[in-house]
Structures are given as C-alpha cells and as structure tokens.
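Student: sequence first, predicted coordinates after that:
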Amino acid sequence: RDTVRDHAHGLNRLNVYPVPDGDTGTNMARTLDAVVAEMDTTDVDDHDGTCDAISYGSLMGARGNSGVILSQIMRGFAGTLKEHVDVQGAKFAEALQAAATGAYDAVLKPIEGTILTVCRESADAARAAADAGGTLAEVARAARAAGKVALDNTPEQLAVLKDAGVVDAGGAGFLLLLDSLLYV
C-alpha cells in the first residue's frame, strides 16, 4: 500500500486509458488503504483471517476501474493462499493465476495492453518457473520479469498509450506490488 501510495502521482500521470482522468494511482492506493484498514482488525498471527481481510477489504474499498480490477486480483490471490500458511513457488504461481483469472472475470470486455495483460503474463511466467521447480523467490522474480516485459509492450497493444508515450497505469501499479513483494 505504501509503495503504491508513494507512486500514486506518477501512476496518475500515466493514466490515459480507458479515460484520461488521472486517477488510477489514487484509486489503487485507496483500494489498498481499505485492505490495510481491514487487515488492522485481524490478529497478525491469523493467516486465514488475514486472507479474508484482504478479500473483504479490497472488495468493499475498491475505487474506480483500477480499484475494482485490483480488488479481484487481491481476492484471487488471497483466496488461493487461504489455508496455506507455508507458501512456496507452486502455490504462489497458483495464486497469481487465480488473481489473473479474477481480474479478467471482473471486466465485461477485457482489453489487452492493460493491467490484465501484465497480470496474466506475470502469472504465466510464475507457472513456468514453478513447473521448473523454482523457489518462491525464483517464481516471484520470474513473474516480475515477465510483468516488466508485458508492461513495456502495452503501448504496442493500445494505440492510445503509444500516442501518449506511456505504459498502462494499472499495469505499472501491479508491477509495484510485485516489486514490493520481492523487496520484502
């Protein structure tokens, strides 16, 4: 949450799709604020309760299109990790795939070149790394590397991004989450 909040202004400046209203970073940060507020009501040692708090907080706190998509990413991820305290590479990949599926399912007409693509390609790379026996860190790094490539390619998939000379704002926000995960 803090990383997205710290970068919200930059994400807002990237925001030209679907509407150039400059609020993607703000909406993602506010959605994550709701997640953290809900998590604050849960015992830090209660893994399943934390997963429930992430799912509920993201759903109830979703703001704007980017917040709704992010909430579905968070719900898919947390729902998969619930009841799995010892998360290794394969479970992380499964959770990221559930996150991507949730994100696509949240949108009536999915458009490539957006956060959807970045999340899906991250999940695909995570799955490949997990299938090759990757550790949690290796799987997360593979997801991040593929997400960066996907993000860099978003202007080639959406003319509005190319015309503005930017990458997808939501995809950039998603990549910040992977960066934060790797940092921790």
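Tutor: Structure received. Everything numeric here is computed off the predicted structure, so don't read it as measured data.

Student: from here on, just use CA atoms for contacts and neighbour counts.
Tutor: OK.

Student: spatially nearest residue to residue 75, not counting backbone neighbours?
Tutor: With sequence-adjacent residues excluded and distances taken as CA to CA, 6 or more residues apart in numbering, residue 75 is closest to residue 55, at 4.4 Å.

Student: distance of that neighbour from residue 128?
Tutor: Per CA to CA, to the nearest Å, residue 55 is found 26 Å from residue 128.

Student: of those two, who's got more company?
Tutor: Counting neighbours by other CA atoms under 10 Å for residue 55 and for residue 128 shows that residue 55 has the greater number, 23 against 17.

Student: so that one: helix, strand or coil?
Tutor: Reduced to three states with DSSP: H, G, I helix; E, B strand; the rest coil, the structure at residue 55 is helix.

Student: pLDDT score for it?
Tutor: Looking at residue 55, its pLDDT is 95.

Student: isn't it right up against residue 68?
Tutor: No. In this structure residue 55 lies outside contact range of residue 68 using CA atoms under 8 Å: 11.8 Å.

Student: need the residue in the protein that's farthest from the chain's center.
Tutor: The outermost residue of the chain relative to its centre, with distances by CA atoms, centre = their mean, is residue 163 at 24.8 Å.

Student: tell me which element that one falls in.
Tutor: Counting by DSSP states H and E, the element that carries residue 163 is helix 159-164.

Student: now that helix: mean pLDDT?
Tutor: Per-residue confidence for helix 159-164 averages out to 95 on the pLDDT scale.

Student: which element follows that helix toward the C-terminus?
Tutor: Following helix 159-164 in sequence, per DSSP H and E, is helix 169-183.
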